[in-house]
Structure formats: structure tokens, C-alpha cells
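Participant: Sequence and computational prediction follow.
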Amino acid sequence: MVSVVSLLVVVALSMLVIRIGTVALSMTGLSEEVAKFQSLSAFSGTGFTTDEAETVVKDPARRRIATVLIRLGAIGVVSSIATLLLSFVGAGGATPERLLVLGLGVLALLTLARSRAFSRVLTPLIERVLARYTTLELRDYADLLHLREDYRIVEVDVREQTWLGDRAIGELDLAGEGVLVLGVKRSGGDYVGAPPADLRLRPEDLVVLYGRRHRLHELSTRASGDHAAHREARAEHAHDRGEQREQLEREGAT
């Protein structure tokens, strides 16, 4: 029975380390999905070569986190699981009682790992500990920009015969639709952050936009000269702003 408990402890510690790594990477600005994958990749030593991995390597804070995860994985946490499994099988065999305890333990760990309520309790605790005992800079952009809700940041290709094609940013009036232009990656490789209104978009440019998910999707496929869609988007944004003002007024009255 000791071997079963030891195995469950090792699995639980591994899951906790990966979760801590996920939270730490999220605090540097990565989305939770990307942070979870990179944390698991570093801890397990898989080392996937992706653009997301490059964003981890290039940032000093993220690189330190990945280094700690790699070292913890190299200590032998993963290999110790295999050792414990062998001892579990060899010490008296896989009896029904041991299999039952192991199955229930694994089920409990999986339930906790997928529990949103448990994550809401654990994540703030990890963040407070990391903020207090590390020099990690808190930059949870996903939470700051509400990217976990209906808002998104996307790159849109500028093509001919589309709404964005060959027009100045000011002419597009994207702010009236509730969309902000965060930057433009020029076709030649240069990047223009917080671009001015007179910057003209060219085919093969990449525009970094922030706004509601459905609006960004519609905007990326809108045809050139489709002023009806533009008017509809402006009306929808004005309606949303009106509802927000009413809500603020009600909250102020209470």
C-alpha cells in the first residue's frame, strides 16, 4: 500500500509543479492555454519547437521559469514514476485492493486538475506566493485585457479588395466599431506600434487588432466598399456603449 500512496504523491507533485509553471508563465503575459502547454513541455523535457516556444526563450523571465521546470523534470520526477510503478507491481503484485486505491486516487487527482473551482482557489494562492518570494514581474495581459472573455487580440492579413486594403487607419474608423489598432507589421518586416491615423495599410501588411471576437472575425472577411457592414458595426458598438453607461449609472445610484 505504501508504493501506491508514494506513486499518487509523485503524480500529485508533478501536477502541482506544472500548475505552478502555468501560473508563472501566465503572469508574464502568455495566455493560459499557451502557458499550460509550455509548462508541460518544459517539465517533461519534450521540447516542442514552435513559435510559442520562441516567445518563452526570448523573454528573460519566461526563460528562468522554463529553466526551473526543466531542472525539476531532470531531477527524476518523471523517471521516479516509472520506478514506483515497477515497485508497485513487484511488491506483492497488483492486488484488487491496490488497484482500487490507485484507481480512486488517479480519479481524484484528475477531478481536481479539471475542477474550475479548485483552480480559482489555487491560482490566486500561487500568484501571491510567486509575487512575494520571486522577482517575477506581474503582466497577466490575458486578464488585463479580458482575453478570457469575449475580447481577443488578432493579426489580420491586409489584402486587396478588402475593407482594410489600401486605406489609411483614420479612414477606416475602426474605433467607431469598438476595434483598436495596436500595431502594424509591415510587409517589409518593420513594426509600427500604436500607428498614427494617417498610416496607410498596404497589401501583405499584418494589422494587430483588439476588440470583440465576432467583430474581429467579421472585419477580417469584410469586402472593400461594404459600408453597410461598417454602419451596422458602428450601430452595434453605440448600442453596447449605451448599455454600459446605463449599467454604470445604476451602479452609481446604488
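Facilitator: Happy to help now that I have it.
Participant: where along the stretch 151-254 of the chain do the strands fall?
Facilitator: Applying DSSP state E, counting those that start in this stretch to the stretch 151-254 of the chain gives strands spanning 151-157, 180-185, 191-193, 206-212.
Participant: I'd like these laid out as CSV, including distance to Ala42, mean neighbour count and mean pLDDT.
Facilitator: Bear in mind the C-beta positions are built from the backbone N, C-alpha and C, glycine included. Compiled in CSV, the strands of the stretch 151-254 of the chain are given as follows (distance: least, Cβ to Cβ, whole Å; neighbours: other Cβ atoms under 10 Å; pLDDT from 0 to 100):
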stretch, distance to Ala42, mean neighbour count, mean pLDDT
strand 151-157, 24, 16, 86
strand 180-185, 28, 18, 94
strand 191-193, 28, 12, 93
strand 206-212, 27, 20, 92
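Participant: just so I know, which of those strands lies nearest Ser224?
Facilitator: Shortest distance between Ser224 and the strands of the stretch 151-254 of the chain, using Cβ to Cβ, is found for strand 151-157: 14.0 Å.
Participant: Which strands and helices lie in contact with that closest one?
Facilitator: strand 206-212, helix 213-221 (3 or more Cβ pairs under 8 Å, 6 or more residues apart in numbering; DSSP states H and E).
Participant: Just send the strands of the stretch 151-254 of the chain back as JSON lines, with distance to Lys58 too.
Facilitator: Output for these, formatted as JSON lines (distance: least, Cβ to Cβ, whole Å):
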{"stretch": "strand 151-157", "distance to Lys58": "18"}
{"stretch": "strand 180-185", "distance to Lys58": "16"}
{"stretch": "strand 191-193", "distance to Lys58": "15"}
{"stretch": "strand 206-212", "distance to Lys58": "18"}
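Participant: And the helices in the stretch 101-250 of the chain, which stretches?
Facilitator: 116-133, 141-144, 169-172, 213-221, 227-253 (DSSP state H, counting those that start in this stretch).
Participant: Now render the helices and strands packed on strand 151-157 as TSV, adding distance to Leu40.
Facilitator: Shown next, in TSV, are the helices and strands packed on strand 151-157 (distance: least, Cβ to Cβ, whole Å):
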stretch	distance to Leu40
strand 206-212	28
helix 213-221	26
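Participant: right, so of these, which gets closest to Glu177?
Facilitator: Comparing those by Cβ to Cβ, helix 213-221 comes nearest, at 6.2 Å.
Participant: Name the residues that touch the closest one?
Facilitator: 150-152, 154, 156-157, 162-164, 174, 177-179, 209, 211, 229, 233, 236-237 (Cβ atoms under 8 Å, 6 or more residues apart in numbering).
Participant: Dump that helix to PDB, keeping only the CA atoms.
Facilitator: What follows is helix 213-221, C-alpha atoms only, in PDB (Å, rounded to 0.1, in the frame of the first residue of the first chain):
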ATOM      1  CA  ARG A 213     -14.300  38.200 -31.200                       C
ATOM      2  CA  HIS A 214     -17.200  38.300 -33.600                       C
ATOM      3  CA  ARG A 215     -16.400  41.800 -34.700                       C
ATOM      4  CA  LEU A 216     -12.800  40.900 -35.500                       C
ATOM      5  CA  HIS A 217     -13.900  37.900 -37.400                       C
ATOM      6  CA  GLU A 218     -16.400  39.900 -39.500                       C
ATOM      7  CA  LEU A 219     -13.800  42.600 -40.100                       C
ATOM      8  CA  SER A 220     -11.200  40.200 -41.400                       C
ATOM      9  CA  THR A 221     -13.600  39.000 -44.100                       C
END
